[in-house]
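Q: from the sequence below, what's the structure:
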Amino acid sequence: MNQAAHVMALSREVGHLVDAFSRNRGELALDFEHSLLFLALGNLNVGMGGTDFLTIQSVSVTALSASTGLPRETVRRKLLQLEAKQLIRRSGQGYILRDLATWTEFAGSVVASRTERASV
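A: This is a model prediction of the structure:
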């Protein structure tokens, strides 16, 4: 792929991400950091546990801070706000998604362009 084609493909993917985050800002009323934490939490929550069954595990503030690069206090504060919006809930020493379908829909919109490109 030549440089111009690469830049155009990259620009389309960035445009898709901007669209996904803009829709999320309207639908779920989340800013970028809330969206990042919501996506990261779901990513860290979900596991297969060596079986065909989906398992959900609690994720700590420290693990989310390490995963996102956001300061621990920012993560803690924003998780409380996500909890108030009833998107996540506290579970043990960490947090889990309250509604996997909401996370799946948003995550799907963020990665849709990659999935579409891989299937072509």
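
Q: which residue is the nearest non-sequential neighbour of Leu17?
A: Closest residue to Leu17 apart from its sequence neighbours, by Cβ to Cβ, 6 or more residues apart in numbering: Val110 at 6.5 Å. C-betas here are computed from N, CA, C, even on glycine.

Q: ok, now Phe32?
A: Using Cβ to Cβ, 6+ apart and skipping the chain neighbours, the partner closest in space to Phe32 is Phe21 (6.4 Å).

Q: was I right to think that neighbour contacts His34?
A: No - Phe21 is beyond contact range of His34, at 10.4 Å (criterion: Cβ atoms under 8 Å).

Q: so how many other residues sit close to Gln81?
A: A total of 15 residues lie near Gln81 under the criterion other Cβ atoms under 10 Å.

Q: what segments of this protein are helices?
A: Counting by DSSP state H, the chain has helices at residues 3-27, 32-45, 61-68, 72-84, 100-119.

Q: roughly how far apart are the residue nearest to Phe32 and Ser109?
A: Distance, Phe21 to Ser109, using Cβ to Cβ, to the nearest Å: 9 Å.

Q: how far out from the middle of the chain is stretch 29-44?
A: Relative to its chain's centre, stretch 29-44 lies at 4 Å (Cα atoms, centre = their mean, to the nearest Å).

Q: count of residues packed around Gly94?
A: Using other Cβ under 10 Å, Gly94 has 19 neighbouring residues.

Q: pLDDT value on the closest residue to it other than its chain neighbours, please?
A: Of all residues not flanking Gly94 in the chain, Ser58 sits nearest, at 3.6 Å (Cβ to Cβ, 6+ apart). Reported pLDDT at Ser58 in the predicted model: 93.

Q: would you confirm that Ser58 contacts Ile88?
A: No - Ser58 is beyond contact range of Ile88, at 10.5 Å (criterion: Cβ under 8 Å).
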